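Chemist: Based on what follows, work out the 3D shape:
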Amino acid sequence: MAVGGSKGINWNEESWQKMQAKLHYLAQNYPTECSRAAAAIAVQVINDSIFETPTVPIDTGNLRSSGTYEVVMTDSWRSVSVLVGFNTPYALKVHEVPMNFKEPGSGNKYLSSKLQTHAEEYVRVWVMKVDRALGFR
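Modeler: As a prediction, the model looks like this:
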């Protein structure tokens with residue numbers, strides 16, 4: 001999930017700028033807490049991809065079990081990104097190309113659909129987790 005202009009964010013520009021400014025502030029001043037919260041959200045994105053329709057297709061189980069994430073903090077801790085994906089040689093093709101999947105509810109766009117549907121929630125929960133870790137809430 002890339003924060004800052006993701007297609008799934010439907011906030012008005014002013015709200016998004018305020019949230020983005022808060023994320024930058026938190027990343028710069030509280031990198032450990034921000035990184036931990038980002039990792040928790042990444043795990044949630046992977047779980048949502050496995051359990052919410054369309055789900056990650058399953059044949060041998062390799063694709064589902066390959067869910068990975070990386071928290072990337074750049075520019076001297078001023079920017080936070082979370083890279084989330086499924087790491088098999090065929091993951092991209094399965095994600096992008098409509099196919100006849102055997103398991104009911106599984107389908108392509110199993111990851112991007114979650115980012116579009118839940119992007120606002122993911123960012124809001126990310127900030128809330130950091131705030132809680134810091135004792136703000």
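
Chemist: SS state for residue 72?
Modeler: strand (DSSP: H, G, I helix; E, B strand; the rest coil).

Chemist: Now it. Nearest residue, chain neighbours left out?
Modeler: residue 81 (4.6 Å; Cβ to Cβ, 6 or more residues apart in numbering). Where you see a C-beta, it was placed from the backbone N, CA and C, and this is true even at glycine.

Chemist: so where does that neighbour fall, helix or strand?
Modeler: strand 79-86 (DSSP states H and E).

Chemist: What strands line up against that strand, and which way round?
Modeler: Strand 79-86 sits in its sheet next to strand 67-74 (antiparallel), going by DSSP bridges.

Chemist: The strand it pairs with: how far from the chain's middle?
Modeler: 10 Å (Cα atoms, centre = their mean, to the nearest Å).

Chemist: Let me see the mean pLDDT of it.
Modeler: The pLDDT scores in strand 67-74 average 88.

Chemist: List the contacts of it.
Modeler: 27, 31, 34-35, 38-39, 42-43, 45-46, 49-50, 56, 79-87 (Cβ atoms under 8 Å, 6 or more residues apart in numbering).

Chemist: any idea how far residue 108 is from residue 39?
Modeler: 26 Å (Cβ to Cβ, to the nearest Å).
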